[in-house]
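Novice: pasted the sequence and its predicted model underneath.
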Amino acid sequence: MSKHRFYVPPKQIIDGNVFIRGTDVWHINKVLRLSKGDQVLVFDGTGREYRVSLGKRKPREILGTVVEQWEQHTESPLQLTLIQGIPKAN
């Protein structure tokens with residue numbers, strides 16, 4: 001399975017189908033040269049990730065099928081405090 005990861009807006013993930021659009025289509029087809037049946041990771045920005053099998057292709061869209069989905073917890077367990085030092089004036 002590939003580790004290629006793409007952002008897809010939640011509105012483009014419908015009933016187990018993922019519609020990959022935009023420059024990612026060119027990248028998948030021309031740069032990575034992935035073919036039908038290859039799998040990629042997709043995230044939707046809401047904390048969900050999907051393993052997607054690539055399927056039907058159009059010039060500006062790739063239809064994928066969700067193989068697996070899960071919640072991705074990306075919050076750091078570390079607490080961070082920022083302090084800014086202000087220098088004296090001339």
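Specialist: Thanks, I have the structure now. Numbering: from 1, shown residues only.

Novice: SS state for the residue lying closest to Ile28 once chain neighbours are set aside?
Specialist: With Cβ to Cβ, 6 or more residues apart in numbering as the criterion, Ile28 has its nearest non-adjacent residue at 5.1 Å, and that residue is Leu34. Glycine gets a C-beta too; all of them are placed from N, C-alpha and C. Of the three states, Leu34 takes coil under DSSP: H, G, I helix; E, B strand; the rest coil.

Novice: phi, psi of the residue lying closest to Lys56 once chain neighbours are set aside?
Specialist: Computed as Cβ to Cβ, 6+ apart, the closest residue to Lys56 that is not its neighbour in sequence is Leu63, at 4.4 Å. With angles defined as degrees, to the nearest 10, Leu63 sits at phi -100, psi 130.

Novice: and Leu63, what does it touch?
Specialist: Leu63 sits next to 17-20, 55-57 when contact means Cβ atoms under 8 Å, 6 or more residues apart in numbering.

Novice: gap between the residue nearest to Ile28 and Leu82?
Specialist: As judged by Cβ to Cβ, to the nearest Å, Leu34 and Leu82 stand 41 Å apart.

Novice: rewinding a little: for the residue nearest to Ile28, give me phi and psi.
Specialist: As for Leu34, its main-chain torsions (degrees, to the nearest 10) stand at phi -80, psi 150.

Novice: any idea how many residues pack against it?
Specialist: Burial measure for Leu34: 16 neighbouring residues, criterion other Cβ atoms under 10 Å.

Novice: my guess is it meets Leu54, correct?
Specialist: Yes. With contact defined as Cβ atoms under 8 Å, Leu34 and Leu54 form a contacting pair (6.0 Å).

Novice: and the helix or strand hosting Tyr50, what other elements does it pack with?
Specialist: Here Tyr50 sits within strand 48-58, counting by DSSP states H and E. Contact here means 3 or more Cβ pairs under 8 Å, 6 or more residues apart in numbering; DSSP states H and E; on that basis strand 48-58 packs against strand 39-43, strand 61-71.
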